[in-house]
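[1] Sequence and predicted structure, then a few things I'm wondering about:
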Amino acid sequence: MAAAAVPALTLAAMLTAAVVAPTAAVADDGDRRQTVSCESPWVNDSAGATHARLQSCSVIWGKNIIDGSYWQTVKFQLIDSRTDGVCAKANVILSDSGASASSSECKGDWTWKTATFSGRATNIFIRIAYGNNSTYGKVHTNVTPPAGF
């Protein structure tokens, strides 16, 4: 008698599970993002005084698995450590296309900078320097994408 009760209970459990209403599916826009931290270089002059500094640097690598598009957003803070009339410069360069975005800071305040690019990249260079001709500096960091991007 006990053996017959087990299949009846299993059938009852299956029927109960089939009656439960399905939950609403969460819409997936296909966007995938991964944030990678990058180095925070600085540039000194010949006497060792720091002129340009970068901090809180990150690259958001993005792709859409539905339409196949790619993008990158670079964020960092830049400061001109010496308010001597020579500005800190930053140039973000997308390696594959050569697309770039430049920014500067001249007032001695940490300032957020953002550069956004579309297309697939194999790496991003972030170069900092100071002044228009940048005799000293041109220090850079290279950020590569995480696996799958």
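    The structure has been received and is ready for your questions. Numbering: from 1, shown residues only.

[2] quick one: what helix or strand has the spatially most central residue of the chain in it?
    Closest residue to the average C-alpha location of the chain: residue 60 at 1.6 Å, with C-alpha atoms, centre = their mean. Using DSSP states H and E, residue 60 sits in strand 50-64.

[3] Strand partners (parallel or antiparallel) of that strand?
    In the sheet, strand 50-64 lines up against strand 31-37 (antiparallel), strand 42-44 (antiparallel), strand 70-80 (antiparallel) (DSSP bridges).

[4] Now mean neighbour count too, for those strands, in JSON lines please.
    C-beta coordinates here come from the backbone N, C-alpha and C atoms, glycine included. Below are the strands paired with strand 50-64 laid out as JSON lines (neighbours: other C-beta atoms under 10 Å):
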{"stretch": "strand 31-37", "mean neighbour count": "13"}
{"stretch": "strand 42-44", "mean neighbour count": "18"}
{"stretch": "strand 70-80", "mean neighbour count": "20"}
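
[5] Let me have these in a markdown table, extended by distance to residue 101 and mean pLDDT.
    Shown next, in a markdown table, are those (distance: least, C-beta to C-beta, whole Å; pLDDT from 0 to 100):
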| stretch | distance to residue 101 | mean pLDDT |
| --- | --- | --- |
| strand 31-37 | 18 | 95 |
| strand 42-44 | 19 | 75 |
| strand 70-80 | 8 | 95 |
